[in-house]
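J.: Have a look at this prediction, sequence included:
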Amino acid sequence: MAFLLDYMGNEYDLPADLFDDISNIVVAWIEVNTGDETLKIVYNNGKRIQITTYSAYENDFEGDYDIIVNGKWVIDENEWNSRASSNDMLIA
């Protein structure tokens, strides 16, 4: 099951059907701010959604990375679903 992480490594489950049909996703990416993850998705029809664990008082942008581009996973989905820290997938 897909999830987002907060700065303490707590998992927050994403809706079970969110990635059932990724062919309608133009781009989905993760943004990490102060250790909290935000998932941003843009669909073919222009719809945009954002799901976040962000709750910090400060905003320290740590980076972002694409997970889906043009209806295809661009990172290893299994590796992403087994990360233990919000910084695991960031490229240093």
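T.: That came in fine, so what should we check first?
J.: drop to CA atoms for contacts and neighbour counts, all remaining ones
T.: Noted.
J.: what bits of the chain have low per-residue confidence?
T.: For the chain, the stretches with pLDDT under 70 are 56, 92.
J.: Which parts of it are strands?
T.: Along the chain, counting by DSSP state E, strands occupy 3-5, 11-13, 25-33, 36-43, 48-52, 61-69, 72-73.
J.: mind putting those strands in a markdown table, mean neighbour count included?
T.: Shown next, in a markdown table, are the strands of the chain (neighbours: other Cα atoms under 10 Å):
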| stretch | mean neighbour count |
| --- | --- |
| strand 3-5 | 21 |
| strand 11-13 | 14 |
| strand 25-33 | 21 |
| strand 36-43 | 21 |
| strand 48-52 | 13 |
| strand 61-69 | 17 |
| strand 72-73 | 15 |
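J.: so how far does stretch 76-86 reach from one end to the other?
T.: 15 Å (Cα to Cα, to the nearest Å).
J.: Any buried residues in it, and which?
T.: Within stretch 76-86, the residues that count as buried by 16 or more other Cα atoms under 10 Å are 85-86.
J.: For residue 83, find the nearest of the strands of the chain.
T.: Shortest distance between residue 83 and those, using Cα to Cα, is found for strand 3-5: 8.9 Å.
J.: Adjacent strands (with direction) for that closest one?
T.: Applying DSSP bridges, strand 3-5 is found paired with strand 11-13 (antiparallel).
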